[in-house]
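Trainee: Sequence first, then the predicted structure, then my questions.
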Amino acid sequence: MRRTAVTERQRVFLDTNVVLYAISADEAKAQISEDLVAAGGTISVQVLNEFARIGLSKYGMSMERVRRGLATLRGLCDVRPIDVETHELGLDLMERYRFALFDAMIVASAIRSECTDLYSEDMQAGQKIGKLTIRNPFA
């Protein structure tokens, strides 16, 4: 699918747990997830890696289906790398806010991508970190 022009909506970062609901049996959460992904936004390579790992291990997806899912995500979302600066910021956030390592890297990626909203089910909804606000799209 073709990526549309940059919109205000693309200042949103999607955590892996939100993206994964698109392939879950929970129809209500799947619809919310599909709508968020379809609207575009930002993810990191970490989200792609976690999607592949969980799709294969938890959901029993074939590698072909995982690749199709990853291609869809790459086509709809702005994918950001995890570089050394993001990694260092993640470590700082982990120490300061007591995030788990992978959550800290997601937050760091969202901050470095200049996103204003991070959609995640696993973090404290409403928490602000600089200009970034964590939101639970399912609440």
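Mentor: Cool, got the structure.
Trainee: Could you give the number of residues near residue 46?
Mentor: Neighbours of residue 46 under the rule other Cβ atoms under 10 Å: 20. Where you see a C-beta, it was placed from the backbone N, CA and C, and this is true even at glycine.
Trainee: From residue 62, how far out is it?
Mentor: As for residue 46, its distance to residue 62 is 22 Å (criterion: Cβ to Cβ, to the nearest Å).
Trainee: do the same with residue 90
Mentor: From residue 90 to residue 62 the distance is 32 Å (Cβ to Cβ).
Trainee: Tell me which of these two has more neighbours.
Mentor: Legend: neighbour count by other Cβ under 10 Å for residue 90 and residue 62, higher for residue 90 (24 against 10).
Trainee: who's in contact with that one?
Mentor: 101, 104, 105, 107, 108, 109 (Cβ atoms under 8 Å, 6 or more residues apart in numbering).
Trainee: Relative to residue 87, how far out is the first one?
Mentor: As for residue 101, its distance to residue 87 is 10 Å (criterion: Cβ to Cβ).
Trainee: Check the last one too.
Mentor: Plainly put, residue 109 is 10 Å away from residue 87 if you go by Cβ to Cβ.
Trainee: between the two, which one's more packed in?
Mentor: When neighbours are counted by other Cβ under 10 Å, residue 109 comes out ahead of the other of residue 109 and residue 87, with 27 against 14.
Trainee: Next, give phi and psi for the more buried one.
Mentor: phi -60, psi -40 (degrees, to the nearest 10).
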